[in-house]
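Colleague: Any chance you can model this:
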Amino acid sequence: MKLNYQKLGTGHPLIILHGLYGSGDNWLTIGKALSGISEIILVDQRNHGASPHSDQMDYKELASDLKELMDSLGIKNASILGHSMGGKAAMWFATENPGRVSRLIVADISPRSYLLDAGPSNHMEEHNEILQALGKVDLVMVKSIGDVDRQLELNIPSKRLRQFLLKNLHKNKDGIYQWKINIPSISRNLENLGNGLDLKSLEGKSFSQFPVLFLKGEKSPYIIEPDIQLIRQLFPQAQIVTIKNAGHWLHAEEPDLFISIVKKFIIN
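Modeller: Modelled structure (predicted):
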């Protein structure tokens with residue numbers, strides 16, 4: 001699949017993969033800040049942003065899309081930064097194509113599956129609720145983004161989350177609002193996106209061919225103590241850094257610190 005992307009800066013490439021409901025545009029501020037040390041490639045993953053929609057969506061497909069993009073751009077190897085869903089796609093790509101990764105940066109996600117989460121951190125249930133709320137919005141009748149926000153507020157109380165989701169709206173040629181993200185396909189493939197790496201096929205393997213950095217939000221439940229052991233098994237030389245006062249969207253909540261840590265990791 002030919003993904004939509006934009007480039008910034010010059011130097012050894014750093015490819016940035018956004019998370020679920022995101023797009024390359026969400027990373028523009030981070031990309032600009034890092035463009036002085038690398039050529040930044042901001043990617044829209046399939047079913048997101050301006051990239052094509054597809055009925056198929058899992059990490060094998062996302063990793064294949066990344067390989068196709070690198071091939072089309074003539075990139076032999078690159079630093080890869082992925083957040084959440086993008087982090088899992090980056091890890092999957094790195095374990096399948098270690099020779100094409102110069103550095104791996106994973107933001108607030110573990111290699112494990114999140115399908116069996118329970119209790120207050122049931123991520124899959126949260127995503128189901130978000131997708132159901134998005135699917136209930138009557139876009140034909142709305143006149144403004146504020147109208148959509150008021151509909152979403154019935155099921156999504158977090159203003160910050162709603163503002164993030166509303167970035168996926170655009171007007172078509174008839175002036176009607178549409179979602180950029182492919183809500184039906186994401187909903188059908190949500191279980192695939194909750195899966196982790198194929199740990200059975202990776203049993204006994206580890207990857208030390210490239211430096212690895214995991215960034216964890218202090219307030220985020222996405223990387224918990226048992227995940228550290230799994231990360232160490234797969235990436236024995238990985239650095240794991242906690243960003244204080246940040247949740248899952250650590251790059252948006254503490255951007256200066258996030259940028260500083262990533263810059264230091266890339267330069268050293």
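
Colleague: So for stretch 6-20, mean pLDDT?
Modeller: What stretch 6-20 shows for mean pLDDT is 97.

Colleague: in it, what counts as buried?
Modeller: Of the residues in stretch 6-20, those scored as buried under the neighbour-count criterion (16 or more other C-beta atoms under 10 Å) are 6, 8, 9, 13, 14, 15, 16, 17, 18, 19, 20. In this view, the C-beta of every residue, glycine as well, is placed from N, C-alpha and C.

Colleague: ok, those residues vs residue 110, which is closest?
Modeller: Here the nearest of the buried residues of stretch 6-20 to residue 110, counting by C-beta to C-beta, is residue 19; it sits at 13.6 Å.

Colleague: Correct me if wrong, but that closest one is in a strand.
Modeller: No - according to DSSP: H, G, I helix; E, B strand; the rest coil, residue 19 belongs to no strand; its state is coil.

Colleague: residues contacting it?
Modeller: 83, 84, 85, 86, 87 (C-beta atoms under 8 Å, 6 or more residues apart in numbering).

Colleague: leaving aside the residues next to it on the chain, what's closest to it?
Modeller: Across the structure, with C-beta to C-beta, 6 or more residues apart in numbering as the measure, the residue nearest residue 19 apart from its sequence neighbours is residue 84 (3.2 Å).

Colleague: and that neighbour, how many neighbours?
Modeller: Per other C-beta atoms under 10 Å, the neighbour tally for residue 84 reads 23.

Colleague: circling back: between the contacts of residue 19, identify the one with the most neighbours.
Modeller: For those, neighbours were counted using other C-beta under 10 Å, and residue 83 has the most, 29 neighbours in all.

Colleague: From residue 72, how far off is that one?
Modeller: With distances taken as C-beta to C-beta, to the nearest Å, residue 83 is found 23 Å from residue 72.

Colleague: Equivalent analysis for residue 263, please.
Modeller: 27 Å.

Colleague: what's the answer for residue 115, then?
Modeller: When C-beta to C-beta is the yardstick, residue 115 and residue 72 sit 33 Å from each other.

Colleague: who has more neighbours, the two?
Modeller: Using other C-beta under 10 Å, the more surrounded residue of residue 115 and residue 72 is residue 115, with 14 against 11.
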